[in-house]
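Trainee: sequence and computational prediction follow.
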Amino acid sequence: MTITTGRRSFEPGEYVMFGFYEIAGRFYNLPHVKLSVTSTQGGLPPSAGKSLAFGEEFGRISWGKRWNGSRTSAYEYGDHNPKDNKLDWLSPSAVSTHAGVATFTARPSRRILENGRLAWETGLLTTENTDEDFMVRPGDYAETRVRLPDAHGAWPALWTWKDGNGEVDVFEYHPNNFDLLELTNRVRPAGTYYRDPESIGPGRWITIGVHFGAHSSDWYLNGRRIYSDHTGVGNNWSAHLILNLSVCAGAYHPPPEGRTPFSFAVDYLRVWR
């Protein structure tokens, strides 16, 4: 017996299809079938039909107007946050630009954190408390091109934050998990650890982005959809952007080995709306 239905499309994920038929008023179940959808190939890019709402090509850092590198409300003390397993102490001087690439450099500091640990001076860019005050919102697609670091202790990320909440992690990376990106929605909790040894690794350039959907957000790696959370951010969500290089304190991932500075590079950060 063959049954033909109309065309259907599915988000990436695992599905079970059930069916039944009726004969003389009695119903009979058909064997269920498991369906695995890993990604969508081809088709339109996530920026299709949208206009560029925020384009940072890193010719220089527009401090105050576009970027704030001194403080963030996401950190308990504004410029450092030891309770989050971070050795960070923020300094705008830790972010430099050359030939259209921003470099975040972490190096040991003389400052001592509240827990007695030696801090590392490092860089963070946020749109919070700036003249432009740019925020992403439902329907936006944010994308960045980055070179992943190779030093233990490096913890780069692109994420969002507002009023003690609003966090969506476009990506987090730790070189000890060399082929893994952490993708997380903390607004409506969902997330995954995504592995791809062919694309992800220390020293590699990757393009990573998220379409912030009201009901489901989609993550893209090098133009390919790799994860959908099926929860989304809701209709009224908005949040500032944060792009940074944190330094692990060692609770969940290795801390720096020695006192040698290390860096993280970013080619661009763009948002389409």
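Mentor: Thanks, I have it. Here the structure is a predicted model, which means the values were calculated and not measured.
Trainee: residue nearest the centroid of the chain?
Mentor: By CA atoms, centre = their mean, the mean C-alpha position of the chain lies nearest to residue 170, the distance being 1.4 Å.
Trainee: what bridges to residue 209?
Mentor: Applying DSSP bridges to residue 209 gives these bridge partners: residue 143, residue 220.
Trainee: how close does it get to residue 254?
Mentor: Relative to residue 254, residue 209 is positioned 28 Å away (CB to CB, to the nearest Å). Bear in mind the C-beta positions are built from the backbone N, C-alpha and C, glycine included.
Trainee: what of residue 49?
Mentor: 43 Å.
Trainee: more neighbours, the two?
Mentor: residue 254 (14 against 8; other CB atoms under 10 Å).
Trainee: residues near the residue nearest to that one when sequence neighbours are not counted, how many?
Mentor: Residue nearest to residue 254 in three dimensions, not counting chain neighbours: residue 152, with 4.3 Å by CB to CB, 6 or more residues apart in numbering. As a burial measure, residue 152 scores 17 neighbours (other CB under 10 Å).
Trainee: thought residue 157 was touching residue 246, still the case?
Mentor: Yes: the pair residue 246 and residue 157 qualifies as a contact (CB atoms under 8 Å) at a distance of 6.8 Å.
Trainee: just for the stretch 1-150 of the chain, where's the confidence low?
Mentor: For the stretch 1-150 of the chain, applying pLDDT under 70 flags the ranges 1-22, 25, 27-28, 30-42.
Trainee: hmm, 90 instead?
Mentor: Applying pLDDT under 90 to the stretch 1-150 of the chain flags residues 1-43.
Trainee: which residues sit in contact with the spatially closest residue to residue 187 that is not a sequence neighbour?
Mentor: Using CB to CB, 6+ apart and skipping the chain neighbours, the partner closest in space to residue 187 is residue 233 (4.8 Å). Applying CB atoms under 8 Å, 6 or more residues apart in numbering to residue 233 gives the contacts 138, 168, 185, 187, 188, 212, 213, 214, 217.
Trainee: could the residues you listed go into TSV alongside secondary structure, neighbour count and distance to residue 128?
Mentor: TSV is the format used below for these (DSSP: H, G, I helix; E, B strand; the rest coil; neighbours: other CB atoms under 10 Å; distance: CB to CB, whole Å):
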residue	secondary structure	neighbour count	distance to residue 128
138	coil	17	19
168	strand	27	15
185	strand	25	20
187	coil	21	17
188	coil	17	22
212	coil	26	17
213	coil	20	23
214	coil	15	23
217	coil	25	21
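Trainee: from those residues, pick the one nearest residue 88.
Mentor: residue 168 (20.1 Å; CB to CB).
Trainee: quickly list what the residue lying closest to that closest one once chain neighbours are set aside is bridged to.
Mentor: Leaving out its chain neighbours, the residue that sits closest to residue 168 by CB to CB, 6+ apart is residue 160, at 4.8 Å. Beta-bridge partners for residue 160, by DSSP bridges, are residue 241.
Trainee: OK, contacts around residue 160?
Mentor: By CB under 8 Å, 6+ apart, the contact set of residue 160 is 136, 166, 167, 168, 170, 239, 240, 241, 242.
Trainee: check contacts around the closest residue to the third one other than its chain neighbours.
Mentor: The spatial neighbour of residue 167 that comes closest, neighbours along the chain excluded (CB to CB, 6+ apart), is residue 186 at 4.1 Å. Going by CB under 8 Å, 6+ apart, residue 186 touches 165, 167, 168, 169.
Trainee: which of these count as buried?
Mentor: Using 16 or more other CB atoms under 10 Å as the burial test, those include 167, 168, 169 as buried.
Trainee: dump those residues to CSV, plus distance to residue 110 and pLDDT.
Mentor: As requested, the buried ones among the contacts of residue 186 are exported to CSV (distance: CB to CB, whole Å; pLDDT from 0 to 100):
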residue, distance to residue 110, pLDDT
167, 31, 98
168, 35, 98
169, 31, 98
